[in-house]
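Q: With the sequence up front, the predicted model follows.
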Number of protein chains: 2
Amino acid sequence: MERNTRQRQAVLDAVERGGRALTPPEILALAREAVPSLNLSTIYRQIGTLQEEARLVKVLLPGQTPRYEPVCGQVHGDAGHHHHHFHCNVCDRVFSLHACPGSMQDLVPKGFVVESHEITLHGRCPECRRGARA
Amino acid sequence: MERNTRQRQAVLDAVERGGRALTPPEILALAREAVPSLNLSTIYRQIGTLQEEARLVKVLLPGQTPRYEPVCGQVHGDAGHHHHHFHCNVCDRVFSLHACPGSMQDLVPKGFVVESHEITLHGRCPECRRGARA
DNA sequence: GTGGATGCAAACTCTTTGCACCTTG
DNA sequence: CAAGGTGCAAAGAGTTTGCATCCAC
């Protein structure tokens, strides 16, 4: 599963051009600019294989449909670089953050062992900060 | 929408007896001990009204189906007390945490405004800390 | 007795799968 | 030319809704 089809290239381009975590329908819309016949199931299948190849990461935010972002969108080339996300309450877009407060071991009562953590921030992105877009 | 039906009582009891955040099917299973005819759609409807009455909170963890916990399971009686959750990687149970690191505004680049945050910790609960249960 | 609640089944949304056709290597 | 990929449509999982019946007040 790594044939270089127009569809595969369109999906990769879309995810990279997006510059942020995209939902499958968002990827479809972007990728259709290159390949109008593109189908949602192809998106899902490519998402699957691209994840296996570690070229894409699934971004899960509480209560939201899964999104996907390219692995090498950041400064560090190492796959799966630890980071968190910001969700804009207005435009519903998701942005990657590069800061992390570090260990959360002090948040838990005695006896619990923290192995990992996820932080999601919600608020307004720069674009939506002004301009009272509902 | 606050009639005291057997079904409503069974759902409330189930959620309180659970002692932790439960999924709709888990609530159904527990509540059926009292009312065997109980239907999943009734669970969902009661979940809805109990949330409106602030007797239940929806607990959303990244990539997990929604769970629900009673509002007054904690020390503070005030509804909707801000808290976070710990997910045990071994037994898959979810525990409430009462600590919070506070504002996360310093995690975001300039221009972003943080209005709220969610933190999910993953690891091992005291019970699963030893005893190599898969 | 009346209006809200329930149970069942159908509708919906999101994702996955089966299958015939098409394309890459 | 063969293996794998694509598009379409149908199947699944989880949640919601329409509707006739039932029951708490």
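A: Right, received. Where do you want to start?

Q: what about the longest strand in chain A?
A: If you go by DSSP state E, chain A has its longest strand at strand A:113-124.

Q: how far out from the middle of the chain is that one?
A: 15 Å (Cα atoms, centre = their mean, to the nearest Å).

Q: average pLDDT across it?
A: For strand A:113-124, mean pLDDT is 96.

Q: buried set for the helix or strand that comes right after it?
A: For strand A:113-124, the following helix or strand on the C-terminal side (DSSP states H and E) is helix A:126-129. Burial within helix A:126-129, assessed by neighbour count using 16 or more other Cβ atoms under 10 Å in any protein chain shown, is assigned to A:C128. Every residue, glycine included, has its C-beta placed from N, CA and C.

Q: Where does the prediction get shaky in chain A?
A: Low-confidence segments of chain A, defined by pLDDT under 70, are located at A:1, A:72-80, A:131-134.

Q: interface residues of it facing DNA strand D?
A: A:1-3, A:5, A:7-8, A:35, A:37-39, A:41-42, A:45-46, A:49 (Cβ under 7 Å from any atom of the strand).

Q: Return the set of buried residues in stretch A:8-28.
A: Within stretch A:8-28, the residues scored as buried using 16+ other Cβ under 10 Å are A:8, A:10-12, A:14-15, A:18, A:20-24, A:26-28.

Q: With stretch A:30-39 instead?
A: Across stretch A:30-39, burial judged by 16+ other Cβ under 10 Å covers A:30-31, A:35, A:38.

Q: Nearest to DNA strand C among those?
A: Closest approach between these and DNA strand C, by Cβ to the nearest atom of the strand: A:V35, at 10.3 Å.

Q: Hmm, A:T5 and that closest one touching each other?
A: No: applying Cβ atoms under 8 Å, one finds A:V35 not in contact with A:T5, separated by 9.0 Å.

Q: does any bit of the helix or strand encompassing A:Q46 sit next to DNA strand C?
A: In this structure, A:Q46 sits in helix A:40-52 according to DSSP H and E. Yes: part of helix A:40-52 sits near DNA strand C under the criterion Cβ under 7 Å from any atom of the strand, namely A:40-41, A:44-45, A:48.

Q: Is A:V113 bridged to anything, and to what?
A: A:V113 has these beta-bridge partners by DSSP bridges: B:R124.

Q: Does A:P126 touch B:G111 like I think?
A: Yes: using Cβ under 8 Å, A:P126 makes contact with B:G111 at a distance of 3.3 Å.

Q: what kind of secondary structure is the residue in chain A sticking out farthest from the centre in?
A: Using Cα atoms, centre = their mean, the residue of chain A lying farthest from its centre is A:K110. It sits 33.7 Å away. Here A:K110 takes the coil state, with states given by DSSP: H, G, I helix; E, B strand; the rest coil.

Q: Next, the contact list for the nearest residue to it once chain neighbours are set aside, please.
A: Spatially, and ignoring its direct neighbours in sequence, A:K110 is nearest to B:P126 (7.9 Å; Cβ to Cβ, 6 or more residues apart in numbering or on different chains). B:P126 is in contact with A:110-112, counting by Cβ atoms under 8 Å, 6 or more residues apart in numbering or on different chains.

Q: what's the answer for A:P101, then?
A: Contacts of A:P101 by Cβ under 8 Å, 6+ apart are A:119, B:101, B:104, B:107.

Q: Out of those, name the ones that lie in strands.
A: If you go by DSSP E, the contacts of A:P101 have A:I119 in strands.
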